[in-house]
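Novice: What would the 3D arrangement of this be:
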Amino acid sequence: MKPGPLNLITDVPGLKVGNAQDRTLKSGTTVLTANQPFTAGVHVMGGAPGTRETDLLAPDKSVAQIDALVLSGGSAFGLDACSGVVAGLRDDGRGFAVGPARVPIVPGAILFDLLNGGDKSWQHNPYAALGRAAYDAAAVEFDLGSVGAGTGALASRVKGGLGSASFVLPGGVTVGALLAANPLGSVTTPGDRHFWAAPFEIGNEFGGVGADPRGGFASPDPSLKIASMLELAAAAELPSEGSNTTIAIVATDAPLSKSQCQRLAIAAHDGIARAIVPAHSPGDGDLVFALSTGDASTAPPGGELEADLGDICHAAALCLSRAIARAAAEARAEPGDLLPAWNDLH
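Specialist: Next up is the predicted model:
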């Protein structure tokens, strides 16, 4: 396997990604859409998710395809970013046809970035406008790091961010990942130099410092994120149980059904567990959407695709691990940050 030309999820043909952010707010939104509706599934493993329209993605639900996916900061307020995307799709004549009406289907997930040093004193919820701006900005090429849904993201000891990566399988199938990393756990081994995901790095895509030569790790260094949030909130305990999350999308051009997309989402969670320690905690909202731009009606008969699905799942998990490390490696320091950017430590 090798990365696609851009090493982004948009190496999957037909996909576009847009970011919008407010630097004063220290938050933003990321939108993934496509030239045509696509098949999708979802799996949640964190204990504190925040979502919209995810029930529609279950294999037994009637909606077969969707129009966009949204990753956003803002906690519950950020779910309103989906409304801005719905408005943009409606203006473009997109959506599920119900007689003469069209209803855009836009599932979304949010992360908690309300205590990250940004100015949250807004009078009107800004996330619908951010969602619309991200939708309007959607393109094949997009930035990583402190942008979009990753603008205000924090990991345990360094800034989180928006990450992406891709693989092209030997048979020509493309797999990609896109995520906003804001976990309770750490993305780096003790000492903050090496990434847990280092064994999966391709070239120098997240710094090229290699794997930590030490062993015997039972846990990462103490969380600077929790300490900073406690200090900011002037409280004796965490301000919210659900104050962390890694929200992700994996994609492929292989022709998958809704149930196969769900299986892909489940398998891709391994990528989170390999790159973040600890992962899937009660205080995380870890979630993975999985999508296929291929036409499932063209899938080969019998078990041939099921055999390929195993390779696609493996590639998606690896892309997710790499994207998590890229998110932190691409993050940049900005005024008012609570945590350092990994790049400034090395």
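Novice: give the contact list for the closest residue to residue 8 other than its chain neighbours.
Specialist: Take residue 8 and drop its neighbours on the chain: the residue closest to it by Cβ to Cβ, 6 or more residues apart in numbering is residue 164, 4.5 Å away. C-betas here are computed from N, CA, C, even on glycine. Taking Cβ atoms under 8 Å, 6 or more residues apart in numbering, we find residue 164 in contact with 7-10, 17, 142, 144, 176-179, 323, 326.
Novice: The lengthiest helix in the chain packs against which elements?
Specialist: If you go by DSSP state H, the chain has its longest helix at helix 304-330. If you count contacts as 3 or more Cβ pairs under 8 Å, 6 or more residues apart in numbering; DSSP states H and E, helix 304-330 packs onto strand 161-168, strand 174-182, strand 245-252, helix 258-275, helix 342-345.
Novice: what's the weakest-modelled helix or strand in the chain?
Specialist: The weakest-scoring helix or strand in the chain, judged by mean pLDDT, DSSP states H and E, is helix 224-233 (a mean of 77).
Novice: Can you give me the distance of the spatially most central residue of the chain to residue 144?
Specialist: Nearest to the mean C-alpha position of the chain, counting by Cα atoms, centre = their mean, stands residue 179 at 1.9 Å. Per Cβ to Cβ, to the nearest Å, residue 179 is found 10 Å from residue 144.
Novice: Identify the contacts common to the two.
Specialist: Common neighbours of residue 179 and residue 144 (Cβ under 8 Å, 6+ apart) are 162-164, 327.
Novice: Out of those, which comes closest to residue 61?
Specialist: residue 164 (27.9 Å; Cβ to Cβ).
Novice: what bridges to that closest one?
Specialist: Beta-bridge partners of residue 164, counted by DSSP bridges, are residue 178.
Novice: okay, now residue 266: neighbour count?
Specialist: Number of residues near residue 266 (other Cβ atoms under 10 Å) recorded here: 16.
Novice: Tell me which residues touch it, please.
Specialist: So residue 266 contacts 43, 288 (Cβ under 8 Å, 6+ apart).
Novice: and if we set it to 10 Å?
Specialist: For residue 266, the contact set (Cβ atoms under 10 Å, 6 or more residues apart in numbering) comprises 41-43, 45, 288, 290, 313.
Novice: pLDDT and distance to residue 228 for the residues you listed - can I get that in TSV?
Specialist: Formatted as TSV, the contacts of residue 266 follow (pLDDT from 0 to 100; distance: Cβ to Cβ, whole Å):
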residue	pLDDT	distance to residue 228
41	97	35
42	97	31
43	96	30
45	92	26
288	98	27
290	98	33
313	97	36
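Novice: thinking again about what came up before, pLDDT score for the residue nearest to the centre of the chain?
Specialist: Note for residue 179: predicted pLDDT of 98.
Novice: isn't it right next to residue 320, touching?
Specialist: Yes - with contacts counted by Cβ atoms under 10 Å, residue 179 reaches residue 320, the gap being 6.6 Å.
Novice: overlap in contacts of the two?
Specialist: In contact with both residue 179 and residue 320: 163-165, 246, 248-250, 268, 271-272, 275, 288, using Cβ under 10 Å, 6+ apart.
Novice: Next, give me the two most distant ones among those residues.
Specialist: Spatial extent of the shared contacts of residue 179 and residue 320 (Cβ to Cβ) is set by the pair 249 and 275 at 15.6 Å.
Novice: sorry, back to before: what is the nearest of the contacts of residue 266 to residue 60?
Specialist: In terms of Cβ to Cβ, no member of the contacts of residue 266 lies closer to residue 60 than residue 41, at 11.6 Å.
Novice: Let me know the next secondary structure element after the host helix or strand of that closest one.
Specialist: In the assignment (DSSP states H and E), residue 41 maps to strand 27-44. Moving toward the C-terminus from strand 27-44, the next helix or strand (DSSP H and E) is strand 51-52.
Novice: Run me through the strand neighbours of that following strand, direction for each.
Specialist: Strand 51-52 pairs in its sheet with strand 108-110 (antiparallel), by DSSP bridges.
Novice: returning to that earlier point: measure the residue nearest to residue 8 to residue 111 for me?
Specialist: To residue 111, residue 164 is 16 Å away according to Cβ to Cβ.
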